[in-house]
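Novice: Could you look at this predicted model? Sequence included:
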Amino acid sequence: MKTLSGYPCVRMAVILLVVVSVLFTACTTKPGQGAGVPVSTSAPVSTPAPVITDVRASLPYGVTISVPAAWTRQDVLTSGVRDYGTTTVNIANFYSPHAIAGDPASYVSLSVDVDRNPGADFEKYFNNATLAVGKTYGVPSRIEAHSYTITVSGYKSYELDFQTAEVKGTYIFTSTENGMYIFAFKVPNKPLAVQAFQGAIVGIYQSIRIDPSAADVIQHR
């Protein structure tokens, strides 16, 4: 008959085996790494700085406007007859980069003008301007024109959209207590140039702010 006298030795062997296993695990574990716990080796991800796509321009006659940063600005302050048939002060002009490679004429232009003596009848002023634009661009090409009532910087404004085979334009006439402000966008009527035009115009005219009282201190050339 077998006796149980050998069991204590068996128990001691099992205990030693467990102790050796624990010590082996501790020796093969990397510093700072617990058994079975993964350690991330990825570098921290930094948040990129926001990209500035527009610049805020402060102009004479109380106008501020945001345009894409890539556009160029030309300060003018000269008076002359415009294509909408009125003599105004050209405050400033803005020009986009070329929309079509190799075509130096494929840019959007924006002229900012002010008429200090527009008269009291806004509807008549706008109708006369629409007729003048038709005469300027309607021969020999046919012209399509549409008008809308909008608000710019809290002021009632009329928008004139027109196009011919050669040119596409959006002119905004804003009536204030101290004069008429005209924002005239034009671009060659070519698909890529028109696409650039349409992508920029809404954000630009929504950014316009006008302080008509500032016009009183301007002396134009």
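Specialist: Cool, got the structure. Small disclaimer: the values here were computed from a predicted structure and weren't measured. Numbers count the residues shown, from 1 in each chain.

Novice: quick one: the spatially closest residue to residue 72 that is not a sequence neighbour from residue 115, how far?
Specialist: Using Cβ to Cβ, 6 or more residues apart in numbering and skipping the chain neighbours, the partner closest in space to residue 72 is residue 95 (5.0 Å). In short, each C-beta sits where N, CA and C put it, glycine included. In this view, residue 95 and residue 115 are 23 Å apart by Cβ to Cβ, to the nearest Å.

Novice: what sits against the nearest residue to residue 153 once chain neighbours are set aside?
Specialist: Excluding the flanking residues, the one nearest residue 153 by Cβ to Cβ, 6+ apart is residue 210, at 4.5 Å. Residues in contact with residue 210 (Cβ atoms under 8 Å, 6 or more residues apart in numbering) are 62, 63, 152, 153, 155, 174, 176, 181.

Novice: Now do the same contact list for the nearest residue to residue 81 once chain neighbours are set aside.
Specialist: Leaving aside its chain neighbours, residue 81 sits nearest to residue 87 (5.2 Å; criterion: Cβ to Cβ, 6+ apart). Residues near residue 87 by Cβ under 8 Å, 6+ apart: 79, 80, 81, 115.

Novice: For the nearest residue to residue 86 once chain neighbours are set aside, the count of nearby residues, please.
Specialist: With Cβ to Cβ, 6+ apart as the criterion, residue 86 has its nearest non-adjacent residue at 5.6 Å, and that residue is residue 115. Residue 115 is flanked by 21 other residues according to other Cβ atoms under 10 Å.

Novice: In contact with residue 115: list those residues for me.
Specialist: Taking Cβ under 8 Å, 6+ apart as the test, what residue 115 contacts is 86, 87, 88, 89, 179, 180, 181, 182.

Novice: Now, of those, which are buried?
Specialist: For the contacts of residue 115, a neighbour count by 16 or more other Cβ atoms under 10 Å gives the buried set as 86, 88, 89, 179, 180, 181, 182.

Novice: Tell me what residue 95 is bridged to.
Specialist: For residue 95, the beta-bridge partners are residue 72, residue 109 (DSSP bridges).

Novice: Next, the contact list for residue 184, please.
Specialist: 82, 83, 84, 110, 111, 113, 169, 170, 171, 172.

Novice: can you check residue 66 too?
Specialist: Counted by Cβ under 8 Å, 6+ apart, residue 66 has contacts 54, 55, 56, 57, 203, 204, 207.

Novice: Have a look at the residues you listed and tell me the least confident one.
Specialist: Among the contacts of residue 66, residue 54 carries the weakest pLDDT, at 86.

Novice: circling back: which members of the contacts of residue 210 define the maximum pairwise distance?
Specialist: 62 and 152 (12.9 Å; Cβ to Cβ).

Novice: Any figure for the gap between residue 189 and residue 152?
Specialist: Counting by Cβ to Cβ - residue 189 and residue 152 are separated by 25 Å.

Novice: With neighbour numbers in mind, choose between these two.
Specialist: residue 152 (22 against 16).

Novice: Can you name the residues bridging to that one?
Specialist: With DSSP bridges as the rule, residue 152 is bridged to residue 155.

Novice: Touching, residue 118 and residue 125? I think so.
Specialist: Yes. Judged on Cβ atoms under 8 Å, residue 118 makes contact with residue 125 at a distance of 5.3 Å.

Novice: Quick check: neighbours shared by the two?
Specialist: With Cβ under 8 Å, 6+ apart, residue 118 and residue 125 have common neighbours 86, 175, 180.

Novice: Sweet, I'm off.
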